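Colleague: Sequence and predicted model, in that order:
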Amino acid sequence: MNTLGWNKMDYQTPNTTDYSYYDMPEPCQKTSVKQIGAALLPPLYSLVFIFGFVGNLLVMLTLINCKKLKSMTDIYLLNLAISDLLFLLTIPFWAYHAENEWVLGNVMCKVLTGLYHIGYFSGIFFIILLTIDRYLAIVHAVFALKARKVSFAVGTSVITWVVAVLASLPRIIFTKSQKDSRYTCSLYLPSNDFHFWKKLIALKIFILGLVLPLLIMIICYSGILKTLLRCRNEKKKHKAVRLIFAIMIMYFLFWAPYNIVLLLNTFPESLNLNNCISSNRLDQAMQVTETLGMTHCCINPIIYAFIGEKFRSYIMRFFQKHIARRFCKHCLILQQEALERSTSIYSQSSIKQEISVGL
């Protein structure tokens, strides 16, 4: 049984056990899947939490202290970091739940499930908004000067959070803490509409989590590449292209495997996978692919921030201002030289057009 709130497919109806979810005539014991999860998931989730939390917190601090949230891109990057942090804050609880029964009660089960879902869906939506923002900045640069305002970014961000909450409601409503062989925080679907809700929730995740963002990325970045191919400055063009392909490839590599397994797990009859052996293998594949997808929140600070030349200079300035002065009081000369180099890089990059670097 997978342990994460929105993507674990251990759908259960009231008063049933795990082996009933494929409606198999004979009980299908999944103890091996649970044992593997209990042994491997807690340390993996812990690493994801540590690296993801530090990385996204650093992004937030840098955006607020150095960049001052002066552009639409800054607003979306900040919201993306907040989304990842919401997602990450629930992981220690799922790590504990992978090895032990649920001890926090029904209210915390729903709250943590809600935070997890909202963080996930809002992260997807802000990735889409960043893609559209890049498209406007590069392909429609003149129009972007008027449209890409901070006020507009704040308004669309509020709407995005509302949509993320609405997308998360079914999982919040149907997830609860209940005792089977032990207390779990799981998705319990109504028995009379079990198959309907099971397929609807899975298709919603597949469409919102993969099909929609990939479709928008392909359309937007196709236009971006055409524009960049006409750019005379080869150095600027290559920087933007590297960032674009990093965004597309990394997102697809981290989330496509999970979404494929999700469909197989939801429609096993179509591929003759509704037997005990296939069920166990699909559960193991879900654990592997969901953990892979989770690590994407650790990659976001790299592909959306640290690849950008200007952002790297902001990071250097942040360290010089808030960290180096406190821990290296006797290195003032070195600090001054590094700060001058950072300021020089920042000054040079500031006179460049924002669309040349991507971030």
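Modeller: Alright, I've got the coordinates. Numbers count the residues shown, from 1 in each chain.
Colleague: contacts, neighbours, all on C-alpha from now
Modeller: Noted.
Colleague: just the helices in the stretch 201-350 of the chain please.
Modeller: Assigned helices in the stretch 201-350 of the chain, in chain order: 212-229, 234-266, 276-294, 296-301, 309-319, 325-327, 332-350 (criterion: DSSP state H, counting those that start in this stretch).
Colleague: where among these is the average confidence lowest?
Modeller: Lowest mean pLDDT within the helices of the stretch 201-350 of the chain: helix 332-350, a mean of 49.
Colleague: Check whether residue 91 really touches residue 50, as I assumed.
Modeller: No. The pair formed by residue 91 and residue 50 falls short of the contact definition of C-alpha atoms under 8 Å, at 10.1 Å.
Colleague: Look at those two and report which has more neighbours.
Modeller: Between residue 91 and residue 50, counting by other C-alpha atoms under 10 Å, residue 91 is the more crowded of the two (22 against 13).
Colleague: neighbours around residue 250, how many?
Modeller: Neighbours of residue 250 (other C-alpha under 10 Å): 15.
Colleague: Can you report how many residues neighbour residue 65?
Modeller: Counted with other C-alpha under 10 Å, the neighbours of residue 65 add up to 13.
Colleague: And it, how close does it get to residue 89?
Modeller: As judged by C-alpha to C-alpha, to the nearest Å, residue 65 and residue 89 stand 23 Å apart.
Colleague: right, and residue 265 touches residue 282 too?
Modeller: Yes. Counting by C-alpha under 8 Å, residue 282 is a contact partner of residue 265 at 6.4 Å.
Colleague: What sits closest to residue 220 if chain neighbours are left out?
Modeller: The shortest distance from residue 220 to any non-neighbouring residue, by C-alpha to C-alpha, 6 or more residues apart in numbering, is to residue 135 (5.6 Å).
Colleague: I'd say that neighbour and residue 223 touch.
Modeller: Yes. Using C-alpha under 8 Å, residue 135 makes contact with residue 223 at a distance of 7.3 Å.
Colleague: okay, those two: which has more neighbours?
Modeller: Shown here are residue 135 and residue 223; by other C-alpha under 10 Å, residue 135 has more neighbours (24 against 16).
Colleague: show me the contacts for the more buried one.
Modeller: Neighbour list for residue 135: 220, 221, 223, 224 [criterion: C-alpha atoms under 8 Å, 6 or more residues apart in numbering].
Colleague: That one is in what secondary structure piece?
Modeller: Element membership for residue 135 (DSSP states H and E) is helix 105-139.
Colleague: what's the angle between that helix and helix 276-294?
Modeller: 60 degrees (axes from the mean of the first three to the mean of the last three C-alpha atoms, to 10 degrees).
Colleague: Now helix 105-139: buried residues?
Modeller: By 16 or more other C-alpha atoms under 10 Å, the buried positions in helix 105-139 come out as 109-110, 112-139.
Colleague: Helix or strand next in line after it, which one?
Modeller: Sequence-wise, the next helix or strand downstream of helix 105-139 (DSSP H and E) is helix 141-147.
Colleague: other SSEs contacting that following helix?
Modeller: Packing partners of helix 141-147 (3 or more C-alpha pairs under 8 Å, 6 or more residues apart in numbering; DSSP states H and E): helix 105-139.
Colleague: any idea of the mean pLDDT in the helix it packs on?
Modeller: Across helix 105-139, pLDDT averages out at 90.
Colleague: Taking helix 212-229 as reference, get the angle to that helix.
Modeller: 20 degrees.
Colleague: And what about residue 177, helix, strand or coil?
Modeller: For residue 177, the secondary-structure state derived from DSSP: H, G, I helix; E, B strand; the rest coil is strand.
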